[in-house]
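A.B. asks: sequence first, predicted coordinates after that:
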Amino acid sequence: MNLNRLVGLLCLLLLPLALPARNVDLATVPERRTVQLTIYNSEDLTLVRESRVVTFKKGVNPLQFSWANTLIDPTSVELKFREPQTGLEVADTTFPHDKPQTLYWNVVSPTDHETTIEISYFTSGISWAADYLAIADADEKVLRLESFVRVKNLSGEDYENAQVRLVVGTINLVEKIAELAKLPVGRLDELKREEYQELRQRAGRKAMAPPPAPMLSMAAGMVADAAEMDAPKEIIKEGLSEYFIYTIEGTETVPTGWAKRLRSFEADAVPMTVEYRYRPREYGDQLVRLYLLKNDTASKLGSTPLPDGVMQIFQTNVSGGLNYLATQALNYVPIGDKIELNLGTDRLVIFEQVKQKVYRDNLWFQIKGGNLYRKLGEDGVKLELDSQVAGWDEHTIYRQKIRNYRPKPIHVQIRRDYAGDIVFRSRLNPTLHDFQTVQFEADIAAGEKAALDYEVIARMGYNQKQNRVELQSGEAGR
Amino acid sequence: MNRTRLLYPLGILLLLGIGPLDALARIKLTTLPVREQVHIHLDHPQITLVEEERIVPLVKGVNQVDFSWANTRIDPDSLVLRILPAPGDQPLDAKVLSVSYPPNENALVWSVSASASGAARVRISYALGGLSKDFHYRAIAGRDEKTLELAQYLRVNNHANEAYDLAQFETGIGAEFEKPLGLNETKEVQLNRFPNIPVRKTYTSDPVQFGYLDRAQDKLNVPMHYVIKNAGGSLGKAALPEGKARIFQNDGKGGSAFLGEDRGKFTPPDDELELYLGLARDIVVRRTIDRSERQRIAGNLYRYDVTVKYEIENFKDTPATLNIVESVRYIRDQLNRHDRDPEWRLGDGTLRNPDPEKSDADKLLFHVDLPARPADGPAPKQTQTLRLTLNNEW
């Protein structure tokens, strides 16, 4: 194992005094036996647990822990005694003023013996992210979905043969670990105690406690490495509270500066449908093409939520090659939820709206600026110059034209938002997506054109009594 | 453990080295699998996808395959390695175990496990910046300007800092073709040729879109266009992508005269491609608001009767068709400006039948035939009127 950039990390000082206030020192450096990284993707935060074997003598044993040129949060460093626990206790912890990024523990031991200690701390600079590859087949009935995790190590420390666990979910931090790493410990005391309590609680140190089985020993890790020769490593996924934890089989070595990408899962022949949508609020003023699938077992998925990540979308062409379709930032998809892949506009489907006619009726006048209103054409009412138009119905007749030049039928869903008191009249069997959004759909055969007519009647001014869309069945413009 | 590295600029190296990661290994033996095939996909409007096929020798166990792309603009997130199924007589099963990204390098290392020693056929695809395309056209109109020959060209500009000895190009339009593409090279190929397609020469007056030639004299600009409908015959099977068109006319003496150039817009099937030819100076159109009357309906509600008059002269010795385009909102705003859409109906002027395909709630398009100037006399002046009633205005 390399002795890493964390200079020495842990030294057992052979001098019996608690503080090394001298210039001549002798120290032994117990090496790291196992290391486990729990990496959060929502924050720049990694919980590191490492074990080392230390021989204590009876009495007070000073231990020095240092982390020069790394991004460790000094307030998070904890020391625990594992096997065998024979009354070892930390008498005190000292952060010396003259040695930055160093602390000393004075460990009191009742006997001379060897024990395994566990040191845990938060560091920043190690991150992970999911990414995806979707390859649709040539006739767009199924797609192959591959999910990857990419671990990037910019922490300044090489973690060799580390067990890697990745946390999917959002945690709350009150301070960025990278900032804490730069602060002297004394200044950290100025931060509120309860904030730290919250930080630790939220970070889920206990929730993310190691599984009952002990951490893999380094030797076991090497065995796992040897065994992986034939198959990609499995990434074990388990739910925990509001989080999902991915544990990478065996151990991994990611030197600082490097990134490593492993397959999280793959699913072949995931059923999908193609839909065209016009939803200006979501996709802008354009008709977009989407691949729709579901993160469920019926779709050969659903073993895990899909964490946020970038998805590359391709389609297989007839010669077996790939055609690039789109790159999309996928938002977290819970198990059972829909996956919508937006491919952008389609140059083979032409979507045009034509405003065909406008007319006004049901005109109401306000008489002499008072509270009296009269409708135009009412018997016996004479409207003089001082009567002002106060309300009217504005009829606008539209034709939605869609041309499908694809060699297969398409399904189009259109949503249009209308503010105000609106009547939407058509024979399109529309539905209301919400109180001011009309939704209608159309199927257009291969090479065919569709003309969808509708009339929007806006009750304006005095005539506006509501703020909602009312659907009416009828011919547009009648 | 074995390790392959793709040599740069774009290279694969198979490394026979030591240590779990290349960064730590200093002694390397490398094999250099060459490209067997290259496909360059230009069908996406923005992204160029390159697919290369290589035969990578693998040994049983875990192999390291390096891919590096120094000085090129490969999007590393777009890189896909696919191992193609081995032929039946060579049952080699290979799988990608992981990908490692070294620091400060345009490179990655695939860790590939192989069930047996042998050669694996792999396809590597990536989005490559700097390899762009554009389309352009050459149109040669016949002497009578009734037909036209349209040639469509693709130009591939290679500023990707990578050469391809032979690549299969796929554009999504026309047939695929195979060509070499050198460094900083521009390659031009003819994709399609559409001979003898019908063309219409149009003269258009449209005060909103094209404005006035002489505002004081009420003279409108009259631009000329060649209009090609992307339908019928050899056309209409695919969209015509946007691109510059150089326009020529057959001079009847075996040569052609250059008429000008225009940027053609993306034209899906059944749409028209309009190529601007410049302003016609021999067709004169004067536009005036001849009459405007306001009638009160009730209260502050009015009706406007408007007459727009066009005086048209054709000084050419050939007949022509003039397209008169009007925006009702533009007319209404000159009388009573506000945000509401105009409500209108056509009156009994001479222009009563707008083109139903190209007119809507605001735009009106009329076709007016202009006879040729008589050989022995002055050009006759033709007067057309557009009468509009604008209802419910306030």
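C.D. replies: Ah, there it is.

A.B. asks: now residue A:292. Nearest residue, chain neighbours left out?
C.D. replies: Nearest non-adjacent residue to residue A:292, counting by Cβ to Cβ, 6 or more residues apart in numbering or on different chains: residue A:273, 5.0 Å away. Placement of C-beta: from N, CA and C, glycine included.

A.B. asks: that neighbour against residue A:299, yeah?
C.D. replies: No: between residue A:273 and residue A:299 there is no contact under Cβ atoms under 8 Å: 11.0 Å.

A.B. asks: so what sits against both of these two?
C.D. replies: Counting by Cβ atoms under 8 Å, 6 or more residues apart in numbering or on different chains, the common neighbours of residue A:273 and residue A:299 are residue A:293.

A.B. asks: show me the chain divided up by domain.
C.D. replies: No chain in the question, so chain A it is. The record's domain parsing of chain A by automatic domain parsing lists A:10-34+A:48-123, A:126-135+A:143-267, A:272-346, A:350-473.

A.B. asks: actually, chain B is the one I wanted.
C.D. replies: Annotated domains of chain B cover B:2-129, B:131-197, B:283-393 [automatic domain parsing].

A.B. asks: Throw these into a markdown table and include mean pLDDT, thanks.
C.D. replies: Listed next are these as a markdown table, based on pLDDT from 0 to 100:
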| stretch | mean pLDDT |
| --- | --- |
| domain B:2-129 | 81 |
| domain B:131-197 | 93 |
| domain B:283-393 | 95 |
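
A.B. asks: before we move on, back to that, can you pick out the residue with more neighbours from residue A:273 and residue A:299?
C.D. replies: residue A:299 (18 against 11; other Cβ atoms under 10 Å in any protein chain shown).

A.B. asks: please tell me I have it right and the more buried one contacts residue A:306.
C.D. replies: No: the pair residue A:299 and residue A:306 does not pass the contact test of Cβ under 8 Å, sitting 11.9 Å apart.

A.B. asks: for chain A, what's its nearest residue on the stretch 101-250 of chain B.
C.D. replies: Residue nearest to chain A within the stretch 101-250 of chain B (Cβ to the nearest Cβ): residue B:103, separated by 3.0 Å.

A.B. asks: not counting its neighbours along the chain, what's nearest that residue?
C.D. replies: Residue B:103 sits nearest to residue A:257 (Cβ to Cβ, 6+ apart), 3.0 Å away.

A.B. asks: got the phi and psi for the one you found?
C.D. replies: Per-residue torsions, residue A:257: phi 90, psi -20 (degrees, to the nearest 10).

A.B. asks: got a list of what it touches?
C.D. replies: With contacts defined as Cβ under 8 Å, 6+ apart, residue A:257 is in contact with A:153, A:154, B:102, B:103, B:104.

A.B. asks: rank the domains of chain A by pLDDT, which is bottom?
C.D. replies: Here the lowest mean pLDDT among the domains of chain A goes to domain A:126-135+A:143-267, at a mean of 69.

A.B. asks: quick check: end-to-end length of that one?
C.D. replies: End-to-end distance for domain A:126-135+A:143-267: 28 Å, by Cα to Cα, to the nearest Å.

A.B. asks: now stretch A:95-110
C.D. replies: One end of stretch A:95-110 to the other measures 25 Å (Cα to Cα).

A.B. asks: next: stretch A:442-455.
C.D. replies: The first residue of stretch A:442-455 is 17 Å away from its last residue (Cα to Cα).

A.B. asks: may I see the buried residues of that stretch?
C.D. replies: Using 16 or more other Cβ atoms under 10 Å in any protein chain shown as the burial criterion, the residues of stretch A:442-455 that qualify are A:442, A:444, A:450, A:452, A:453, A:454, A:455.

A.B. asks: which of those lies closest to chain B?
C.D. replies: Of all the buried residues of stretch A:442-455, chain B sits closest to residue A:455, with 12.0 Å by Cβ to the nearest Cβ.

A.B. asks: so what's the closest one up against?
C.D. replies: Each residue near residue A:455 by Cβ under 8 Å, 6+ apart is listed here: A:395, A:396, A:397, A:398, A:424, A:425, A:426, A:474, A:476, A:477.

A.B. asks: drop anything exposed from those residues.
C.D. replies: Buried subset of the contacts of residue A:455 (neighbour count, 16+ other Cβ under 10 Å): A:395, A:396, A:397, A:398, A:424, A:425, A:426, A:476, A:477.

A.B. asks: which of those come close to chain B?
C.D. replies: Taking Cβ under 8 Å from any Cβ of the partner chain as the test, chain B is in contact with A:396, A:397 out of the buried ones among the contacts of residue A:455.

A.B. asks: show me what counts as buried in the longest strand anywhere in chain B.
C.D. replies: Longest among the strand segments of chain B by residue count, using DSSP state E, is strand B:283-298. Judged by neighbour count (16+ other Cβ under 10 Å), strand B:283-298 contains these buried residues: B:283, B:284, B:285, B:286, B:287, B:297, B:298.
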